[in-house]
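Asker: Using only what follows, build the 3D model:
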Amino acid sequence: MMDEQIAKVEKFTLEQVTTLRAKIKKIEARLKNETKKKIIKKIEEEADQIAAEFLRLEKYVNLNFMGFHKILKEHDEHIPRNPIKVFYVNRMHGQAWVRGDYSDVVVRLSAIYSILRDDTAAPENNDSTKSQSFLRSTTKYWVKTEDVSRVKYAILRHLPVFLQKTSTGESDSQMTNSVYLDNDQLELYHGRLDKTPGAIALRMRWYGAGSPKLVFCERKTHRDKWTGEVSVKERFMIDESQVQEVMTNTYDIDKKKEELLQSGKSQQEADEWETLAREITQVISSKQLVPTMRTQYMRTAFQIPFDATVRISLDTNLCMISERGYDLKGMKNWHRDPSDILAINEITRFPHAILEIKLELKGNSLTPPRWVTDLQNSGMLYEVHKFSKFIHGCSVLSSEDVQSVPYWIDDASIRDSIIASGGQHILVDENNDTHVGPGSNQLYNHLLPFGHIGENRVDTALGRTSNSIAATAGYIHPEEAKHVAMSNTFSFYDAEIADDMEDAELLASAMGDDCYDDSCLGWTFLFCSRSSILMSEAELNVAPTSVQKIEPKVFFANERTFLHWLHNSIILASIASGILAFSDDDSTNKWIPWYAFSLLTISLCSCLYALNLYLWRADRIKNRIPGHWDDPRGPLFFGFTLALTLTINFVMKLYSIATADFTDTTAAVSSEL
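Answerer: The predicted structure is shown next:
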């Protein structure tokens, strides 16, 4: 029965893929001859339809695979004497509908969209002396496995796939291996984890399956962005036979430099290469660095050639492998033999794909393209600030040697993969009241994309999405999240509409008027308002929106703003006190004391408001709560009140002068008569 159902699924899948390939072939033939806009538009609609069919087919495959898994699991639980799950799972992995590589469909669709967009390679910019303003940013996201194809499709409609040449032809992805170096104290690991200025990571990287031939020796150096410096990645290429020489500091750098000069490289390029090579070989020797951990994944890259405005990479099938516990033989064996059988604590498989978006915006437009914002707000991306494969792999595979672990370790979605790799002792016990380990997550646990074990949101958590506008402010109802998570629609957040709406209207429309306090008390005393209390209510989940990146100067800016408010309030109170002190009790103008008391009242309220605003903003900064950290209505209210008071005083003064002049004139005329 099981064999019959598996064969049925395989037959249907192969028939559908064959049909899709035939449709793509027809579109490719039509594109060669058609130039009319109407026909091109129709071809684009047909390409969209093929992509939608491909996504539905993939969902069909995933649902059947999960269904077979559950059936086999139930069978083994009820009939433990005759387990069959392992046998059939291994058999399914050998089936074409499970292991089938349909990358050619993605590649050909990417080529079709590239033709429809009329993509052209940007001119190579070699003028490094021309002054330009740049905005560089790199953001990493987790992507659920079931959303990988949808994310690929969303990207390839705007960026072409960078084709990878394999033994079977061109593919949309390529195997990437990186062996990271560290010492017994994991010095580089802790430096990168603590974000120490100047902390480095060293790795040996090669591309393609099988044994490496060409190896890239890479160094990544961390710099604090708020200081004005940027982190850099430098590398040079060597032959696989020269890796041992680099690792043992016997690499003939002078000879290689001469070869570079003879090949046409400039003196400056040769000197820079020499500096980098010497620094890397010396740090390997001085810190006694050895192969520690290896990452392996399939990378799909999206980029228009020579155009660095938007670059995107998607890493799937990510696994980390321990490079400890075998004889290095004087660094001759600098990576594991692929035929070695790994123990469960020597490999960890990451359950999500990793998406990295690199933006390099320049000129007058420093805003990312609209489609990038739409992708970020699609609900399929979960931003994980400063995620690192090196840090994650070391913390799980070398858990007994690490002194601290990254914050994302407490995320509920990766807990099973950590336990499966024998790293459970770095996780908090399930019965712990806090549900998170000691450290930052006790304050920032809402930054975990899928929550901790106490509030597991694996099935309900959303990224920044149009389905809940409240998610952009950090809040979402579980019922709404569950409804959207089950939806198959691929909708985007309309940034232009949202920009024209007030934050209050966004929250009120998304969460209901009862959940948002729009009264004067709510927005004047922000720290005590119901909108801030919502963070702690059990019925609301914090959506994994973009993480606010905090720089040290933000805390000081909050303090300076508070002091400015106090300074102006004291000046206003001093003026009011002076007016009150020098006013004449016998004066006919009875408005002066009331005017002074009005200014004193405004001054006192301003001090209280400034204190409340300072505490509210400090809380949001400390907890990195997404959304706006400003109050657009408070300053307007106090400005309007002060202007109204001054206007009334001005009118009363004019009235007093006019009345006094009329009385004096009447008295003078009467005396003359």
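Asker: buried set for stretch 595-615?
Answerer: Buried residues in stretch 595-615, counted by 16 or more other Cβ atoms under 10 Å: 595-596, 598-600, 602-603, 606-607, 609-610, 612-615. For the C-beta atoms, the positions are set from N, CA and C on the backbone; glycine is no exception.
Asker: again, but for stretch 341-350
Answerer: Buried residues in stretch 341-350 (16+ other Cβ under 10 Å): 345-348, 350.
Asker: Check stretch 209-217 too.
Answerer: 212, 215, 217.
Asker: shouldn't His222 be in contact with Asp194?
Answerer: No. Assessed by Cβ atoms under 8 Å, His222 is found out of contact with Asp194, at 9.6 Å.
Asker: Who has more neighbours out of these two?
Answerer: His222 (19 against 12; other Cβ atoms under 10 Å).
Asker: check contacts around the more buried one.
Answerer: 191-192, 195-200, 231 (Cβ atoms under 8 Å, 6 or more residues apart in numbering).
Asker: Can you say which of those are buried?
Answerer: Using 16+ other Cβ under 10 Å, the buried members of these are 191-192, 199-200.
Asker: and Glu229, how many neighbours?
Answerer: 13.
Asker: Export stretch 21-37 to CSV, keeping only CA atoms.
Answerer: Once non-C-alpha atoms are left out, stretch 21-37 reads as follows in CSV (Å, rounded to 0.1, in the frame of the first residue of the first chain):
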residue,chain,number,x,y,z
ARG,A,21,9.4,22.4,-18.9
ALA,A,22,7.5,22.1,-22.2
LYS,A,23,5.6,25.4,-21.4
ILE,A,24,8.9,27.2,-20.6
LYS,A,25,10.4,25.9,-23.9
LYS,A,26,7.5,27.5,-25.8
ILE,A,27,7.9,30.8,-24.0
GLU,A,28,11.6,30.8,-24.7
ALA,A,29,10.9,30.3,-28.4
ARG,A,30,8.4,33.1,-28.6
LEU,A,31,10.7,35.5,-26.8
LYS,A,32,13.3,35.3,-29.5
ASN,A,33,10.9,36.7,-32.1
GLU,A,34,8.4,38.9,-30.3
THR,A,35,9.0,42.6,-29.7
LYS,A,36,5.4,44.0,-29.3
LYS,A,37,4.6,45.2,-25.8
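Asker: if you average pLDDT over it, what comes out?
Answerer: For stretch 21-37, mean pLDDT is 79.
Asker: Count the neighbours of the closest residue to Lys213 other than its chain neighbours for me.
Answerer: Residue nearest to Lys213 in three dimensions, not counting chain neighbours: Glu240, with 5.6 Å by Cβ to Cβ, 6 or more residues apart in numbering. Using other Cβ under 10 Å, Glu240 has 15 neighbouring residues.
Asker: likewise the one 3 residues further on?
Answerer: Per other Cβ under 10 Å, the neighbour tally for Val243 reads 21.
Asker: same question, Ile84
Answerer: Ile84, neighbours per other Cβ under 10 Å, totals 14.
Asker: For it, give me its contacts.
Answerer: Taking Cβ under 8 Å, 6+ apart, we find Ile84 in contact with 2, 72, 75-76.
Asker: Neighbour count and distance to Ile84 added to these, as TSV?
Answerer: TSV is the format used below for the contacts of Ile84 (neighbours: other Cβ atoms under 10 Å; distance: Cβ to Cβ, whole Å):
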residue	neighbour count	distance to Ile84
Met2	15	8
Leu72	19	6
His75	16	6
Asp76	15	7
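Asker: Let me have those residues in a markdown table, adding distance to Ser417, secondary structure and pLDDT as columns.
Answerer: Converted to a markdown table, these look like this (distance: Cβ to Cβ, whole Å; DSSP: H, G, I helix; E, B strand; the rest coil; pLDDT from 0 to 100):
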| residue | distance to Ser417 | secondary structure | pLDDT |
| --- | --- | --- | --- |
| Met2 | 27 | helix | 79 |
| Leu72 | 20 | helix | 85 |
| His75 | 25 | helix | 85 |
| Asp76 | 21 | helix | 85 |
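Asker: Quick check: of those residues, which lies closest to Asp374?
Answerer: Nearest to Asp374 among the contacts of Ile84: Leu72, at 39.5 Å, using Cβ to Cβ.
Asker: How many residues are close by Trp659?
Answerer: One thing to correct before we go on: residue 659 is Thr, not Trp. 12.
Asker: Quickly find the element holding it.
Answerer: Thr659 is part of helix 634-672 when elements are defined by DSSP states H and E.
Asker: For the buried residues of stretch 209-217, point out the one with the lowest pLDDT.
Answerer: Pro212 (88).
Asker: which residues touch it?
Answerer: Counting by Cβ under 8 Å, 6+ apart, Pro212 has contacts 177, 206, 240, 335.
Asker: Could you work out the most separated pair of those residues?
Answerer: Once Cβ to Cβ is applied, the contacts of Pro212 give Asn177 and Glu240 as the farthest pair, at 11.8 Å.
Asker: where do the strands sit along the chain?
Answerer: Listed in chain order, the strands of the chain (DSSP state E) span 134-143, 164-166, 169-171, 174-182, 200-207, 214-221, 232-239, 290-302, 310-322, 347-349, 353-362, 381-383.
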